[in-house]
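**Student:** coordinates for the following, if possible.
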Amino acid sequence: MTDTKFTKKIACIGAGYVGGPTMAIIANKCPDYKVSVLDINKKRIDAWNSDKLPIFELGLKERVMKSRGKNLFYSTDLDKEIDAADIIFVAVNTPTKTFGEGAGRAADLQFIEKTARQIREVARSHKIVVEKSTIPVRAAETLETILHSGSNSVHFDVLSNPEFLAEGTAVRDMEDPDRVLIGSRNTPGGLAAREELVRIYRHWVPPERILTANLWSSELSKLVSNAFLAQRVSSINSIAALCESTEAEVSEVAHAVGMDSRIGAKFLNAGVGFGGSCFRKDILNLVYLCEHYKLDPVARYWEQVVAINDYQMERFVKRVLRSMFDTLVDKKIAVFGFAFKPDTSDTRDAPAIYICRRLLEERAKLAITDPHAIENARKDLEGIEGNFHFEEDPYRAVQGAHAVALLTEWERFAQLDYQKIYDSMEKPAFIFDGRNLLNHQKLHEMGFNVYPLGKPALHHF
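**Tutor:** Predicted coordinates:
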């Protein structure tokens, strides 16, 4: 199909964890639309055009292969594709600032601003610009100001369309979403642009799941959704600490609480802490916004969600240290899992980064294994001092190890032969199950000293 035969042309600036999966699904569901995924990183674009995609998500490769070269394209020629596009999705990185005003809390919008300036410079016809990156409330105002400044007379309509994808289930979340949220200005142009975007999602999303709102409500909804989910994780993890002190079992408490229809069971699994690109970043952004509007008690409330998460990771490290006779010097620990959750290669803000660094500070020797995240783990620990290496095979990782620290609940780890693992380890052998994935009683019967989260330890001394 030539360009002239496509109904509309979509360009997405940013070929990462948001832009990549989102555009693959849109291309699958809208074969009459041309979808171009753009990035200045040639290595990343080359990977999208190869058989080894730059990210792993269940089902993603199949969707990419279905449409690539037909109506789905990957390119570094941003100027050409921006000018040709009718609709431009902005999915660039918006990390937390590490410098200046708001450092450690505010979102760093330099890439958003650079993208807006590039769109303004090269666009020669009306464009719909869609915020897909996670950005602070009222950022659309900044986009509009930049796009409509200077000598370019082109008109732009800015929409907010926050992503609600979860790593590990991104394809499913996009194909069968709980909701699609589109925010717009309540003007004739804004409403027409909103309807244009609604038309895309109607190809596969039921109308009742497509929500519309004003720009500011849409932008804030993304931050609040992530804050509420992270709050639940921190809440159950705080109870896990209490359970260990009282000999209650956190899984039983969570089950009883989750059966309350007012509360529900989701996000009540205790673990070593939340990770990913959004939870910490969005909560800190929310804290910064509250401080900006002089809502200090609200800011302090949300700040504690992050504080509990940090406490949980440190608590896990200290439990390992205390249980292994208060020294980890020259003891080998097999780390099972580095991705922040299963079924994804994403390691951004993964608890494993913090935990591995702390274990290395205690001079432990680490053998790190993960089904899909080893390459990212290498980058995350680059330059870190200590004795650590990576193993594709978990059975090799545990040879001669004093302990196993399970940090990601990959199903593969539940299916391993733990008698074989026990036989190859130093004794006494320890397992620290940071995700409560394994059969603790059976492991104890094999001879392991087992330390679950939020449950009494099972040991032999």
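
**Student:** please, where are all the helices along the stretch 101-250 of the chain?
**Tutor:** Ranges of helices within the stretch 101-250 of the chain are 110-122, 139-147, 170-175, 188-201, 215-246, 250-258, based on DSSP state H, counting those that start in this stretch.

**Student:** and the fifth one, what's buried?
**Tutor:** Buried positions in helix 215-246, judged by neighbour count with 16 or more other C-beta atoms under 10 Å: 215, 218-223, 225-227, 229-234, 236-241, 243-244. Where C-beta positions appear, they are placed from N, C-alpha and C, glycine not excepted.

**Student:** and it, what does it pack onto?
**Tutor:** Under the contact criterion of 3 or more C-beta pairs under 8 Å, 6 or more residues apart in numbering; DSSP states H and E, helix 215-246 touches helix 139-147, strand 156-160, strand 180-184, helix 250-258, helix 279-292, helix 296-323.

**Student:** now do the last one
**Tutor:** Contacting helix 250-258 under the criterion 3+ C-beta pairs under 8 Å, 6+ apart are the following elements: helix 215-246.

**Student:** quick check: mean pLDDT across the helix it packs on?
**Tutor:** Here helix 215-246 scores 94 as its mean pLDDT.

**Student:** okay, angle between that helix and helix 188-201 too, please.
**Tutor:** Angle, helix 215-246 to helix 188-201, by axes from the mean of the first three to the mean of the last three C-alpha atoms, to 10 degrees: 50 degrees.

**Student:** quick revisit: Glu382 is nearest to which of the helices of the stretch 101-250 of the chain?
**Tutor:** Among those, the nearest to Glu382 by C-beta to C-beta is helix 110-122 (22.4 Å).

**Student:** what's the least confident stretch among the helices and strands packed on helix 215-246?
**Tutor:** helix 139-147 (a mean of 86).

**Student:** from the contact counts, what lies against that helix?
**Tutor:** Using 3+ C-beta pairs under 8 Å, 6+ apart, helix 139-147 sits against helix 110-122, strand 127-131, strand 156-160, helix 215-246.

**Student:** so for Leu286, which of those sits nearest?
**Tutor:** helix 215-246 (5.1 Å).

**Student:** how many neighbours does the closest residue to Cys30 other than its chain neighbours have?
**Tutor:** Nearest non-adjacent residue to Cys30, counting by C-beta to C-beta, 6 or more residues apart in numbering: His203, 5.1 Å away. Burial of His203 is recorded as 13 neighbouring residues (other C-beta atoms under 10 Å).

**Student:** tell me the pLDDT of His203.
**Tutor:** pLDDT, read off for His203, is 97.

**Student:** try Val137
**Tutor:** 66.

**Student:** just give the nearest non-adjacent residue to the most centrally placed residue in the chain, would you?
**Tutor:** Central residue of the chain (C-alpha atoms, centre = their mean): Gly276, 3.3 Å from the mean position. Sequence neighbours aside, Phe340 is the residue nearest to Gly276 in space, at 5.1 Å (criterion: C-beta to C-beta, 6+ apart).

**Student:** I'd guessed that neighbour sits against Trp410; true?
**Tutor:** No. Counting by C-beta atoms under 8 Å, Phe340 does not reach Trp410; the two are 11.8 Å apart.

**Student:** who's more crowded, the two?
**Tutor:** Phe340 (27 against 23).

**Student:** circling back: which stretch among the helices and strands packed on helix 215-246 comes nearest Ala11?
**Tutor:** strand 156-160 (13.3 Å).

**Student:** now do the buried residues in that closest one.
**Tutor:** For strand 156-160, by 16+ other C-beta under 10 Å, it's Phe156, Asp157, Val158, Leu159, Ser160.

**Student:** just stretch 43-58 next, same as before
**Tutor:** Quick answer for stretch 43-58 (16+ other C-beta under 10 Å): Arg44, Ile45, Ala47, Trp48, Leu53, Pro54, Ile55, Phe56, Glu57.

**Student:** tell me which of the residues you listed is nearest to Glu121?
**Tutor:** Using C-beta to C-beta, Ile45 is the member of these that sits closest to Glu121, with 21.0 Å.

**Student:** packing partners of whichever helix or strand that closest one is part of?
**Tutor:** In the assignment (DSSP states H and E), Ile45 maps to helix 42-48. Under the contact criterion of 3+ C-beta pairs under 8 Å, 6+ apart, helix 42-48 touches strand 33-38, strand 72-75.

**Student:** any idea how far that helix is from the chain center?
**Tutor:** Centroid separation between helix 42-48 and its chain, computed with C-alpha atoms, centre = their mean, to the nearest Å, is 20 Å.

**Student:** neighbouring contacts of the helix or strand just after it?
**Tutor:** Helices and strands here follow DSSP H and E; after helix 42-48, the next one along the chain is helix 60-67. Helix 60-67 has contacts (C-beta atoms under 8 Å, 6 or more residues apart in numbering) with 20-21, 24-25, 27-28, 31, 35, 48, 53, 72, 170-171.

**Student:** save those residues as JSON lines, and put in distance to Glu113 too.
**Tutor:** Listed next are those as JSON lines, based on distance: C-beta to C-beta, whole Å:
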{"residue": "Gly20", "distance to Glu113": "23"}
{"residue": "Pro21", "distance to Glu113": "25"}
{"residue": "Ala24", "distance to Glu113": "27"}
{"residue": "Ile25", "distance to Glu113": "28"}
{"residue": "Ala27", "distance to Glu113": "28"}
{"residue": "Asn28", "distance to Glu113": "32"}
{"residue": "Pro31", "distance to Glu113": "34"}
{"residue": "Val35", "distance to Glu113": "25"}
{"residue": "Trp48", "distance to Glu113": "25"}
{"residue": "Leu53", "distance to Glu113": "29"}
{"residue": "Leu72", "distance to Glu113": "28"}
{"residue": "Ala170", "distance to Glu113": "27"}
{"residue": "Val171", "distance to Glu113": "31"}
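
**Student:** nice, that's everything, thank you.
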